[in-house]
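J.: can't give you the sequence, but here's the structure:
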């Protein structure tokens, strides 16, 4: 009888262990399935110090603050966009981000094949059932940086060095031209595009060519190419207004200020919505009033009256007193 009782007890213990193990396996499986995954595609390197670096910082916020498993592919050629988007979707990624206007067409096509995957185009326009996008509001930073340049220039020649002639950048150029003509009618804006987001030397060459034409202030929207523009300005005694990042720290007496765009903040906002189950397929235009754009650190070489006037304009945009309409192209 004692032997039978012992066997019975041992059997119960064994069953208990098996059930516990089974429950643990099930919990582990559920935990693995419940982990959200986000992937980021960038056309340039994530160490460019600008557009792509800040996108990667946003991806890390998804990992550190919202518990996403993250992955990224950098230096993506346009011809490879679709295959890489499909690869991440096939691997079960919940949120796939194409960082740049150039991803819009590929995302639109691939998203139709993967209706359960959320796609987000940072800097683009597409919207579908499972596609969202956002751009930084045109005219906001173009107005503010253009005003700085128009008030600061001594030669009445202002330069613009951009990477690609895409619609969002063209709109900023037109706003810069408009505000310059209003604030300083004697000034002109010289525009150059390098054709590359990653070539520092092309940025420097374009800036040097403008400086040789008499340009003394350059507004740069070129990611890594911006560093070339800053280097040229340092060598030739000119000045630069940065874009996307707060670049004054790179050369405090050369970088007058920067038009900062919170790329990381936008991406973090998307991840938060996915994690909370509140994500919606919308297109957003994010400006100064939304807190995603603002003027960066000011150089000590900028006169106080310029700083005060431009910061007052920023405050007026936030309050709604100053409403900026993008120029008609």
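T.: Sure, I can see it. None of the values given here were measured: they were computed from a predicted structure. Numbers count the residues shown, from 1 in each chain.

J.: quick one, strands of the stretch 151-300 of the chain?
T.: For the stretch 151-300 of the chain, the strands defined by DSSP state E, counting those that start in this stretch occupy 157-162, 188-193, 217-221, 239-244, 255-261, 283-286, 293-295.

J.: Residue 89 is nearest to which of those strands?
T.: Residue 89 lies closest to strand 283-286 among the strands of the stretch 151-300 of the chain, at 21.0 Å (Cβ to Cβ). Bear in mind the C-beta positions are built from the backbone N, C-alpha and C, glycine included.

J.: name the helices or strands packed onto that closest one?
T.: strand 131-136 (3 or more Cβ pairs under 8 Å, 6 or more residues apart in numbering; DSSP states H and E).

J.: any low-confidence regions in this structure?
T.: Across the chain, residues meeting the criterion (pLDDT under 70) sit at 1-33.

J.: which residue is nearest the middle of the protein?
T.: residue 263 (3.2 Å; Cα atoms, centre = their mean).

J.: check contacts around residue 207.
T.: For residue 207, the contact set (Cβ atoms under 8 Å, 6 or more residues apart in numbering) comprises 159, 161, 218, 220, 228-229, 232-233, 238, 240.

J.: let's see it at 7 Å
T.: 159, 161, 218, 228-229, 232-233 (Cβ atoms under 7 Å, 6 or more residues apart in numbering).

J.: Next: residue 163.
T.: 193-194, 196-197, 221-223, 225.

J.: Go through these and name the one nearest residue 297.
T.: Closest to residue 297 out of these is residue 221 (17.8 Å), distances taken as Cβ to Cβ.

J.: ok, and the closest non-adjacent residue to the closest one?
T.: Distance criterion Cβ to Cβ, 6 or more residues apart in numbering; nearest residue to residue 221, sequence neighbours excluded, is residue 243 at 4.4 Å.

J.: Please tell me I have it right and that neighbour contacts residue 257.
T.: No - in terms of Cβ atoms under 7 Å, residue 243 does not count as a neighbour of residue 257; the distance is 10.4 Å.

J.: Throw the contacts of residue 163 into a markdown table and include neighbour count and distance to residue 312, thanks.
T.: Shown next, in a markdown table, are those (neighbours: other Cβ atoms under 10 Å; distance: Cβ to Cβ, whole Å):
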| residue | neighbour count | distance to residue 312 |
| --- | --- | --- |
| 193 | 20 | 32 |
| 194 | 26 | 34 |
| 196 | 17 | 37 |
| 197 | 26 | 33 |
| 221 | 30 | 24 |
| 222 | 33 | 29 |
| 223 | 31 | 30 |
| 225 | 31 | 31 |
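
J.: between these, which is nearest residue 323?
T.: Within the contacts of residue 163, the smallest distance to residue 323 is 23.3 Å, found for residue 221 (Cβ to Cβ).

J.: wait, the closest one sits on residue 242?
T.: No - using Cβ under 7 Å, residue 221 makes no contact with residue 242, being 8.9 Å away.

J.: if we can go back for a sec, let me have the strands of the stretch 151-300 of the chain in JSON lines, adding distance to residue 37 as columns.
T.: Shown next, in JSON lines, are the strands of the stretch 151-300 of the chain (distance: least, Cβ to Cβ, whole Å):
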{"stretch": "strand 157-162", "distance to residue 37": "34"}
{"stretch": "strand 188-193", "distance to residue 37": "36"}
{"stretch": "strand 217-221", "distance to residue 37": "32"}
{"stretch": "strand 239-244", "distance to residue 37": "26"}
{"stretch": "strand 255-261", "distance to residue 37": "26"}
{"stretch": "strand 283-286", "distance to residue 37": "23"}
{"stretch": "strand 293-295", "distance to residue 37": "29"}
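
J.: Give me the nearest residue to the residue nearest to the centre of the chain, chain neighbours excluded.
T.: That would be residue 54: by Cβ to Cβ, 6+ apart, it lies 3.8 Å from residue 263.

J.: what's the distance between that neighbour and residue 126?
T.: Counting by Cβ to Cβ, to the nearest Å, the gap from residue 54 to residue 126 is 21 Å.

J.: Which residue of the two possesses the greater neighbour count?
T.: The neighbour count for residue 54 versus residue 126, taken as other Cβ atoms under 10 Å, is higher for residue 54 (24 against 21).

J.: Now do the helix or strand hosting the more buried one: distance to the chain's middle.
T.: Residue 54 is part of helix 51-66 when elements are defined by DSSP states H and E. Distance of helix 51-66 from its chain centroid, counting by Cα atoms, centre = their mean, to the nearest Å, is 10 Å.

J.: Counting by contacts, list what it packs against.
T.: strand 37-42, strand 69-73, helix 263-276 (3 or more Cβ pairs under 7 Å, 6 or more residues apart in numbering; DSSP states H and E).

J.: Same question for it: list its buried residues.
T.: 51-56, 58-62, 66 (16 or more other Cβ atoms under 10 Å).

J.: now the helices: where do they sit in this structure?
T.: Along the chain, counting by DSSP state H, helices occupy 2-34, 51-66, 81-90, 104-113, 140-152, 167-183, 200-212, 225-236, 263-276, 304-319.

J.: Of these, give the one that comes closest to residue 289.
T.: Among these, helix 304-319 sits nearest to residue 289 (Cβ to Cβ), with 5.4 Å.

J.: Alright, that wraps it up for me.
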